[in-house]
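Engineer: Build me a structure from this.
(chains A and B)
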Amino acid sequence: MRVSEYTPTIGIETHVQLKTKTKLFAAVDNDARQAPPNTLISHICVGMPGALPVLNEAAIELCARAAVALGTEPQKFSYFERKHYFYPDLPKGYQITQYETPIIAGGHLHIEVNGTKKCVRIERANLEEDAGKNTHPAGADYSLVDFNRAGTPLLEIVSMPDIHSAAEAKAYARELWLAMKYAGVTDGDLYHGHVRFDVNVSVSENPDRLGIRSEIKNLNSFRSVEAAVDYEIKRQTELQKKGQPVVQETRGWDEAKQKSLAQRSKEEAQDYRYMPEPDIPPIELDDDYIKKTKTKMPSLPNDLRMKFEKLDLPQGLIESLLDNPQVSSFMSRIMANKYISIKDARRIANWLAIDVQSLVNLGKISWDTAKLSEKALTMVSHMLDDNKINSTTAKNIVFEIVVVGGDPNEIARIRDWLQVSDEAEIEKIVAEVIAENPKPAQDVKNGELKAIGFLVGQVMAKSKGQANPEIAKKLIKKQLGL
Amino acid sequence: MSWPSIDEIAASVQSGQTSAEGNVKQALQEVEKHKDFAAIISVPMERALKRAEEIDGRIKQGERVGRLAGVPFIAKDNFLTFGGRTTAASNMLKEFEAPYQATAIEKLELEGAICVAKANLDAWAHGSSTENSDFFTTKNPHDKTRVPGGSSGGSAAAVALDIVPFALGTDTGGSVRLPASFCGVVGYKPTYGLISRSGIVAMASSTDVVGPLTRNIADAALVMDVMSGKDAMDSTTIEKDSNGYEIRNPKSEIRKAKIGVIKEYMGEGLEPGVRTVIDQAIKKLEKAGANISEVSLPSLSLALAVYYIVCPAEVSSNLARYDGQRYGHTARETKNLEDSYFLSRQQGFGTEAKRRIMIGTHVLSSGYYDAYYKKAQKVRTKIINEFAKAFQLYDFLLGPTAPTVAFKIGAKTGNPLQMYLSDILLVAANVSGNPAISIPAGQSQGLPVGLQIIAPQRADKQLLEIAKAFEELN
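Structural biologist: Presented below is the predicted three-dimensional model:
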């Protein structure tokens, strides 16, 4: 087992798009998801002569929250710098970012893989502006640039090389995404690249010394983070086993082929000529500001995990609740409601995390528009306990409540979903069923209890599904003298 | 015909005695008349006349237009303005039409002022003579064989020629004060941040300052009052003095003033004729009751070295956006993107811009950053502190604006270092951010000599008042 002698080490740089209303340095709409190219721009976004950046204070507040979510505080003094390079999507010839003094200089994130807990330290996080987007129309001898995204605020969070497997890398990526979403820092829309991961992977035979690393840029799902790291570890291990050198380079991830491909090597590394940004005064935060940020913090994923432990649910189900802040905050309200029992809460958690989530996954409804009512869902649970409905009906009522809302009793009544638990009424049906099915009835009498299921089914069919099956079973036995 | 004071022009237009249209037409005639001085790059005639018509119309309706009603002015061509082109006297922006206006221009227009022409400058404001203009050299109104000073040479010449009552310049390393001294007008550089830089083609962001060029201090103070103050478009702006800057009662100021004559500014290299004028000015101030003594600020000798590291560094960064891809000059028939970058910039930038881009790129490159840029910033702090210390003892510091009178066209073009030395007495106030003013003090060899007064940070009001008092003595 020579493979196990190679220790992989991974560090992850994550670009988190901040959910400010306007851009980092211009009073222009920050949400470019639906906008036609170059409609969300001003003289600042395209780098006109004389245009000056004006810092959006809201971005600083989100960075402060990010710091708290990472278990630290924002730096009291930080400033912007200019990072120079030429590229068509970079309108000023420099990116405004942070270099010597990041707004976050530390912190950590707890992750858990297969029941093992681990702490990944954060090295730093820079506040910076995004560039525009180049597109290269097929067959054309020109390229197009869209500056809608130019100036969107990004927080670049750099982890320490504390990650040592693909599974840990995936767990870190998801945990960071969750933390930033819960702290209200980002909308976290992975599909639109709100959170993008660059992974640095190296493999070394000597655990005390890092190997030569490669970097895979722009991964935008946890699955691709895991697959890319896994691929890179195997590729580098193979190379080392063969005695071939690993080249320090940037590689791209081919999602279709599930392979990383060489892009450019660090030999062409540029000199960015960092320089303090003279157009923006330094960011200075005082104790009062930091204190206020802390008091305004919403619940973070780990706080909720601890809270949900009481529900005694499988870990996977709890994580599924956490995927959506709307769901988890609703669940935490349920748990805070002293009129709702743990049993009811557990049932509601199951409905939401499994049944309603499956509708969301199918695209039939969205959590954003879901109607989550503590009272209604609790009532459904009570109806189930009172044998007024069966569990399938309960789910159908839950769907209707979540999609259109309403009173569960009313829904059950209007849809004729209430269970018949009136023994006299069921007794009549049972008598009919036994009379119509003498052979199975005889079998049951002779001790072939399996056949009782058939008779219960017949009762259910005759009652159009409304008879309480437990009662039906009891009455069949009774009538057959068992 | 010579222009009355700015408040008189505005009052006369507001009362209907004269009209905005008449003023614009007069200014345009003067532009035409003095064409051979080559002070002007372009004239946004249509827009100027339209604005005049609109202002006259409003006055006929009985409206109050503002403190600069119908006052014509000229802006250095690095101010973004509507109605024509904004070139920064560069081939790169030769055809550039601004999509927005500088805040300073907007504020002047709000009070009824009308921009009638765009003045020549050293391209991108890099220079001390306008000889670095990519288009042509402006001639000194007092001697056509000499330079007007720079980089705001066109603006200073236009005021000296009485084309308009005031013009705007920018002062990054003396570019308002030097041409003021050479052309015999008032040139005022306010405290850094008092006037918005939004909409001004950036040279060196940390020292760029807007400043007026006028025939007298009261006009400079009025224009300053209109343009100054915090601007949402420029985060480095500061609040203006709560009392404003207009001058009401200046006379008593001199008696109380403690003035330090900067020893380093009166040393070697000062032309004897210039020294005589400054000495006479000092005597007049003393006679008027000022308490004058010599003061040494040894770090000032390093200001030029600091300036020529910090300024090119910022220049190289600020000029990076001119890459030929979105606006400005684009090289034709290029092979690929890199080729387009190279050729667009090679063709669009002149020699001096390229020189500063190269120096700036060098001092910011890894391995040199600490030795140059970082060290320069440390010395810069030292200079700021030295000024602050001197201002604990003195209300004002004083010296000549330039060591010489206006030099001959072509005299320094072959030697960039000689050219840089023209600003030796000027750049310290830019590096430190202090307000400074150049006031006509007399003549040497028949050419104007400027007296420079420097004040503590934000003491712009006091600076304008002492300058006014000196103006009355002179």
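Engineer: Which one of the residues in chain A is closest to chain B?
Structural biologist: Residue nearest to chain B within chain A: A:G93 (2.4 Å; Cβ to the nearest Cβ). Yep, even glycine has a C-beta here, placed from its N, CA and C like the rest.
Engineer: Helices along the stretch 201-350 of chain B, start to end?
Structural biologist: For the stretch 201-350 of chain B, the helices defined by DSSP state H, counting those that start in this stretch cover B:217-227, B:253-256, B:272-287, B:303-318, B:337-348.
Engineer: Do I have it right that B:A303 meets B:V431?
Structural biologist: Yes. Look at B:A303 against B:V431 with Cβ atoms under 8 Å: they come within range, at 5.3 Å.
Engineer: Residue numbers of the stretch 1-150 of chain B in contact with chain A?
Structural biologist: Selection of the stretch 1-150 of chain B residues close to chain A by Cβ under 8 Å from any Cβ of the partner chain yields B:L80, B:T86, B:A88, B:L93, B:F96, B:A98, B:P99, B:Y100, B:A102.
Engineer: And B:A303 and B:V431? Which one has more around it.
Structural biologist: B:V431 (29 against 26; other Cβ atoms under 10 Å in any protein chain shown).
Engineer: Can you pull the residues of the stretch 201-350 of chain A lying near chain B?
Structural biologist: Going by Cβ under 8 Å from any Cβ, the residues of the stretch 201-350 of chain A near chain B are A:D271, A:R273, A:Y274, A:M275, A:P278, A:D279, A:I280, A:P281.
Engineer: same thing but at 6 Å, please
Structural biologist: By Cβ under 6 Å from any Cβ of the partner chain, the residues of the stretch 201-350 of chain A that approach chain B are A:D271, A:R273, A:M275, A:P278, A:D279, A:I280, A:P281.
Engineer: Kindly reformat those as TSV containing pLDDT, neighbour count and secondary structure.
Structural biologist: Shown next, in TSV, are those (pLDDT from 0 to 100; neighbours: other Cβ atoms under 10 Å in any protein chain shown; DSSP: H, G, I helix; E, B strand; the rest coil):
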residue	pLDDT	neighbour count	secondary structure
A:D271	93	14	coil
A:R273	96	25	coil
A:M275	96	22	strand
A:P278	98	21	coil
A:D279	98	24	coil
A:I280	98	19	coil
A:P281	97	13	coil
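Engineer: And the furthest pair within those residues?
Structural biologist: A:D271 and A:P281 (26.6 Å; Cβ to Cβ).
Engineer: Can you tell me, leaving aside adjacent residues, what's nearest to B:S205?
Structural biologist: A:P278 (3.9 Å; Cβ to Cβ, 6 or more residues apart in numbering or on different chains).
Engineer: Against A:V430, how distant is the one you found?
Structural biologist: 89 Å (Cβ to Cβ, to the nearest Å).
Engineer: Just checking, which helix or strand succeeds the helix or strand containing A:A173 along the chain?
Structural biologist: Per DSSP states H and E, A:A173 falls inside helix A:166-182. Next along the chain after helix A:166-182, taking DSSP H and E as the criterion, comes strand A:195-204.
Engineer: helices and strands around that next one, which ones?
Structural biologist: strand A:7-17, strand A:214-219, helix A:222-241 (3 or more Cβ pairs under 6 Å, 6 or more residues apart in numbering or on different chains; DSSP states H and E).
Engineer: Give the next helix or strand downstream of the last one.
Structural biologist: Secondary structure here is assigned by DSSP H and E; on that basis, the next helix or strand after helix A:222-241 toward the C-terminus is strand A:249-254.
Engineer: What would that next one look like as CSV? C-alpha coordinates only.
Structural biologist: Written as CSV, here are the backbone C-alpha positions of strand A:249-254 (Å, rounded to 0.1, in the frame of the first residue of the first chain):
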residue,chain,number,x,y,z
GLU,A,249,0.8,25.4,-12.4
THR,A,250,-2.8,26.5,-12.8
ARG,A,251,-5.1,23.8,-14.1
GLY,A,252,-8.7,23.9,-15.2
TRP,A,253,-11.4,21.4,-14.3
ASP,A,254,-13.2,19.7,-17.2
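Engineer: list the buried ones in it?
Structural biologist: Across strand A:249-254, burial judged by 16 or more other Cβ atoms under 10 Å in any protein chain shown covers A:E249, A:T250, A:R251, A:G252, A:W253.
Engineer: Just the closest of these to B:S128, please.
Structural biologist: A:T250 (46.1 Å).
Engineer: Was I right to think the closest one contacts A:E215?
Structural biologist: Yes. Here A:T250 reaches A:E215: they are 5.0 Å apart, a contact under Cβ atoms under 6 Å.
Engineer: Quick check: neighbours shared by the two?
Structural biologist: When Cβ atoms under 6 Å, 6 or more residues apart in numbering or on different chains defines a contact, no residue borders A:T250 and A:E215 alike.
Engineer: so where's the stretch 151-300 of chain A uncertain?
Structural biologist: Residue ranges of the stretch 151-300 of chain A with pLDDT under 70: A:264-269.
Engineer: if you set the cut-off to 80 instead, what comes out?
Structural biologist: A:207, A:264-269 (pLDDT under 80).
Engineer: likewise the stretch 201-350 of chain B?
Structural biologist: B:248-255.
Engineer: try it again with 50
Structural biologist: By pLDDT under 50, the stretch 201-350 of chain B has no low-scoring segment.
Engineer: Between helix B:303-318 and the lengthiest helix in chain B, find me the angle.
Structural biologist: Longest helix in chain B, counting residues (DSSP state H): helix B:375-393. Taking axes from the mean of the first three to the mean of the last three Cα atoms, to 10 degrees, one finds that helix B:375-393 is oriented at 130 degrees with respect to helix B:303-318.
Engineer: For helix B:375-393, list the C-alpha coordinates in CSV.
Structural biologist: C-alpha atoms of helix B:375-393 as CSV (Å, rounded to 0.1, in the frame of the first residue of the first chain):
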residue,chain,number,x,y,z
LYS,B,375,10.9,54.8,1.4
ALA,B,376,9.5,57.8,-0.5
GLN,B,377,6.3,57.4,1.5
LYS,B,378,8.3,57.5,4.7
VAL,B,379,10.1,60.7,3.7
ARG,B,380,6.7,62.1,2.7
THR,B,381,5.5,61.5,6.3
LYS,B,382,8.6,63.3,7.5
ILE,B,383,7.9,66.3,5.3
ILE,B,384,4.3,66.4,6.5
ASN,B,385,5.5,66.4,10.1
GLU,B,386,8.1,69.0,9.4
PHE,B,387,5.5,71.4,8.0
ALA,B,388,3.2,70.6,11.0
LYS,B,389,6.0,71.4,13.4
ALA,B,390,6.9,74.7,11.6
PHE,B,391,3.2,75.7,11.7
GLN,B,392,3.3,75.4,15.5
LEU,B,393,5.5,78.5,15.4
